[in-house]
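Colleague: next come a sequence and a model predicted from it.
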Amino acid sequence: MTGKKERSLQQLAEKIAVCQKCPLFKNGRPVAGQGQPSKRLMMIGEAPGYHESVQGHPFVGRAGRLLDDLFTLINLKRDQVFITNILKHRPPNNRDPLPQEVKTCRPFLDQQIKIVNPRLLITLGRFAMEKFIDNAKISQIHGQARWVDWFDERLLVLPLYHPAAALRSNFIKDLLEKDFLKINNILDSLDKKGKEEGNSLNNQTKGDVDDQLKIF
Ligand code: SF4
């Protein structure tokens, strides 16, 4: 059965499919996102690459296979996470996103976040991290969950290295694996705290959950 969140995401994907707000629409098929929103887990990468654009799905190819291995490591199925990117269309030659492109495409991502209402939002790589955390280096804060202000709400953001970076460096791959292993602990901790208080996570105070997260 398709739920309200799935329908809203599908409607948004239909808008993304016809978007021409920036020149990137000329670079092939957009990738709106993939995965179920019901677990309220969200993962954000940078932009589709060639293979993603051809298939219309995020994280295919070698980086996608590594991501699948990482999900297996923590007994999570890929489709239990809603995965998307900062940009929905592919930049030419896989160059870095331009600030104006990020700004123009941002309302789509913001709406996706609103719909999914993630209890944990995982950013992959520097560009996704920078959308939520200012003046930080991924080498210094990877694997450290933190609350960030987002419009009138707060999001729990876990910045991780991008799988493509892990493919280029075994050192980063080890770090990414170690950081991935923290995901279930963070979720368990949030669930435990929510059950104890009989409240949803969103009703907890920042201090409550910060205390829980100190153990990571
Ligand atoms: S990248 Fe984003 S803003 Fe640009 S055309 Fe695609 S969907 Fe529209």
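Modeller: Perfect, thanks for sending it.

Colleague: can we go C-alpha only for contacts and neighbour counts from here?
Modeller: OK.

Colleague: so which bits of stretch 123-136 are buried?
Modeller: For stretch 123-136, a neighbour-count test (16 or more other CA atoms under 10 Å) marks T123, L124, G125, R126, F127, A128, M129, F132, I133 as buried.

Colleague: hmm, N85 and the third one touching each other?
Modeller: The reference is to G125. No: counting by CA atoms under 8 Å, G125 does not reach N85; the two are 10.6 Å apart.

Colleague: mutual contacts of those two, please.
Modeller: G45, E46 (CA atoms under 8 Å, 6 or more residues apart in numbering).

Colleague: re the thing from before, from the buried residues of stretch 123-136, which land in strands?
Modeller: T123, L124 (DSSP state E).

Colleague: distance to the ligand added to the buried residues of stretch 123-136, as CSV?
Modeller: Listed next are these as CSV, based on distance: CA to the nearest ligand atom, whole Å:
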residue, distance to the ligand
T123, 18
L124, 18
G125, 18
R126, 18
F127, 14
A128, 14
M129, 18
F132, 18
I133, 21
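
Colleague: next, see if whichever strand or helix holds D110 gets close to the ligand.
Modeller: Assigned by DSSP states H and E, D110 belongs to helix 99-116. Yes: residues of helix 99-116 contacting the ligand under CA under 6 Å from any ligand atom: T104, C105.
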